[in-house]
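Novice: Next one to model:
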Amino acid sequence: MRRDNILAFDDYIAAKNPRVDAYSPASLNAKLGKFDQWAVMVLVDNLSSATPDAFDVWMLFSADNQNWFYISNGQLANATLSTRPPNGDVHWDANGGGNPLLTTKTNIGTFLLAAPCPAFVRFELSFGSTTTGGHVRIYVTQRDQGA
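Specialist: Next up is the predicted model:
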């Protein structure tokens, strides 16, 4: 049963040098960690560059809302505290690999995860270069596996 639908991020990430990573609002961390099944939809549009770029979204978990860890290949069992995987849970490739980030329309990426997890969840977002910015929205639909 669907329990919640959250707009977890809705902002323009500006091109900056050095590149800056963006995070979902801290006020949502507990709400995002409330249930144990997520369907994540990421939309990226209004890019500031006509040159294709990479873009990644990582989902992070925490038990204390201070120390965060990444998952690896959709598995909490493969988690590491500080090593960010090279590709996000949602990934667009600058070289047009399997999923190019298009500069002329809205890019849509999805990610599904169902696993018992710690109480807090956040998202980390990053463009691949310092020359691209864009409008990013992350929608999260949460379900509950039950007791």
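Novice: after the helix or strand of the chain with the lowest mean pLDDT comes which helix or strand?
Specialist: When each helix and strand of the chain is scored by mean pLDDT, DSSP states H and E, strand 75-80 comes last, with a mean of 59. Using DSSP states H and E, the helix or strand that follows strand 75-80 towards the C-terminus is strand 90-92.
Novice: The very next helix or strand once past that following strand pairs with which strands, and in what direction?
Specialist: For strand 90-92, the succeeding helix or strand toward the C-terminus, using DSSP H and E, is strand 107-114. In the sheet, strand 107-114 lines up against strand 37-45 (antiparallel) (DSSP bridges).
Novice: which other residues reach stretch 17-37?
Specialist: 3-4, 6, 8-9, 11, 13, 38, 61-62, 65, 113-127, 129-130, 136, 138, 140, 142-145 (Cβ atoms under 8 Å, 6 or more residues apart in numbering). All C-beta atoms are positioned from the backbone trio N, CA, C, and that covers glycine.
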